[in-house]
Every structure is written in structure tokens, then in C-alpha cells.
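Student: what would the 3D arrangement of this be:
(2 chains)
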Amino acid sequence: NAGVTQTPKFRVLKTGQSMTLLCAQDMNHEYMYWYRQDPGMGLRLIHYSVGEGTTAKGEVPDGYNVSRLKKQNFLLGLESAAPSQTSVYFCASSYSILGTARETQYFGPGTRLLVL
Amino acid sequence: AQSVTQLGSHVSVSEGALVLLRCNYSSSVPPYLFWYVQYPNQGLQLLLKYTSAATLVKGINGFEAEFKKSETSFHLTKPSAHMSDAAEYFCAVTSNSGGYQKVTFGTGTKLQVIP
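Tutor: Sure thing, here's the model as predicted:
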């Protein structure tokens, strides 16, 4: 099992460019999440999905869109990148819903994004 | 609303010394609490979690944490630090409030282990 994988590992964008980050998991998890990690701020939830074809907003959704067309994949899109979106992005997945005793999130290795 | 406070963004200990990383939380509903470890250039890995079954939770790599409701704390400890413990540690609280999957991470504590 590869667990949770993310592509690309690193990307540099110019302001206004668009890109898509891909997250894939092979654990048959229903729930998937996108976080951003910034120095001194911990991880903040951007969007999440509770199943194929469903997505929902997290704590900091503005400027991002997501799609979950296949159960194993969760895509994060930036339509018009801004310097404030420079961050490290982590994808995670879990078998059960957050806030339940069974929940354990498995994280990918991260994508470092620099927006100039 | 829920929140997590990790006291000390950097902690240094000598190899073999006690490790104590502090986490305090607030939550309006019974919380589930987690500690994650992040090694450089890697994702987060679950160390342990509190799910109300037992107040003293044992995790991987010799770490444990005790849930103290009266103090709203979930401090992480390890009796004897090893060089390989040098990493950043995150405390997190989750709750299922009204269908919104709320998770809150602390700002992290970087642990340095001095030989």
C-alpha cells in the first residue's frame, strides 16, 4: 500500500496562474481532506469530502476549489494563484468521520507551493 | 467553538531526559484529542489519540498522554528522549458539531534533542 500520495511535490507559480494538486489514497477511505500548513499557524482545513461526488468547505476555503470524482482521488484547484497561497499543502484521508472514536487521519507527504 | 493551545513553540531536552510537551484545549462538546508528529519534509503521523476509553493513552515510540478534564489538558510525555524524537509535534482536537467536520490543530512544538 502506498497510503496517501500527493503530486506534485513542489511547484512554483506566478500570480494569476492556475494549477491542480492531486491527492490519491489506496486505503478505500471515504473521507478526504485538504489542509494548508503555514509557519506558526498549524494546519488549517481548506475543504473536505465525505464521499465520492461530495465536497464541503473547511476553515479557509476561499480561493480554492475541490473535486472528488473518484473515491480514491481528491483534487485541489487554484484558479488564480495569489502570493498568500504560498504554503505547504497536505492531503489526508480517514476511514470514519471526524469526531468519532474510530477516526484516524493518514497524511500525505505534502506539496510545497510558492506563488511569486 | 474549540481551540488548542500548545505552550512553547520550541522545546529542548537532553538525550535521556524527560520529554514534556504541553497541550490545552477548549471544546463545547466532548472532544477527541490527538497528538501527531511531523518529521522534516514529511506529512503528519499519528502518535496517539484520546477517545474517552481511558484517560492515559499510550502511543507509538514510547510516548503517552494523559487526558485531564479538570485542567483541560492533554500533555505528551516520554520518559527518556532519543535523538530520533527530534521533530515537530502537533496537538489536535476534533468534534462533530452539527455535521461540520471540525478539526483544530495547535501551532506545533519543535522538539530538539541535545546529545
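Student: for the residue nearest the centre of chain A, give me the backbone phi and psi.
Tutor: Centrality entry for chain A: nearest residue to the mean C-alpha point is A:Trp34, 2.4 Å, by C-alpha atoms, centre = their mean. Here is the backbone geometry of A:Trp34 (degrees, to the nearest 10): phi -120, psi 130.
Student: now B:Gly8
Tutor: Given degrees, to the nearest 10, the pair of backbone angles that B:Gly8 has is phi 90, psi 110.
Student: got the buried residues for the longest strand seen in chain B?
Tutor: Using DSSP state E to define each element, chain B has its longest strand at strand B:87-97. By neighbour count, with 16 or more other C-beta atoms under 10 Å in any protein chain shown as the criterion, the buried positions of strand B:87-97 are B:Ala87, B:Glu88, B:Tyr89, B:Phe90, B:Cys91, B:Ala92, B:Val93, B:Thr94, B:Ser95. The way it works is simple: take the backbone N, C-alpha and C, and place the C-beta from them, glycine included.
Student: show me which of the residues you listed neighbour chain A.
Tutor: When C-beta under 8 Å from any C-beta of the partner chain is taken as the criterion, the members of the buried residues of strand B:87-97 that contact chain A are B:Phe90, B:Ala92, B:Thr94, B:Ser95.
Student: what strand or helix carries residue 112?
Tutor: This is for chain A. Take DSSP states H and E as the rule and A:Arg112 turns out to sit in strand A:111-115.
Student: that's the wrong chain, I wanted chain B
Tutor: B:Gln112 belongs to strand B:109-114, assigned by DSSP H and E.
Student: relative to strand B:87-97, how tilted is that strand?
Tutor: What separates the directions of strand B:109-114 and strand B:87-97 is an angle of 160 degrees, with axes from the mean of the first three to the mean of the last three C-alpha atoms, to 10 degrees.
Student: hang on, isn't B:Leu33 packed against B:Lys49?
Tutor: Yes: checked against C-beta atoms under 8 Å, the pair B:Leu33 and B:Lys49 is within contact range at 6.8 Å.
Student: the chain: strands as residue ranges?
Tutor: Using chain A here. With DSSP E as the criterion, chain A has strands at A:4-7, A:10-13, A:19-25, A:31-38, A:42-51, A:54-57, A:65-67, A:73-78, A:87-94, A:105-107, A:111-115.
Student: my bad, the chain I had in mind was chain B
Tutor: Using DSSP E, the strands of chain B run over residues B:3-7, B:10-14, B:19-26, B:32-38, B:44-50, B:56-58, B:64-68, B:73-78, B:87-97, B:100-105, B:109-114.
Student: lowest average pLDDT across those?
Tutor: Lowest mean pLDDT within those: strand B:100-105, at a mean of 73.
Student: in stretch A:8-25, which residues are buried?
Tutor: Neighbour counts using 16+ other C-beta under 10 Å place A:Arg11, A:Leu13, A:Met19, A:Leu21, A:Cys23, A:Ala24, A:Gln25 of stretch A:8-25 among the buried residues.
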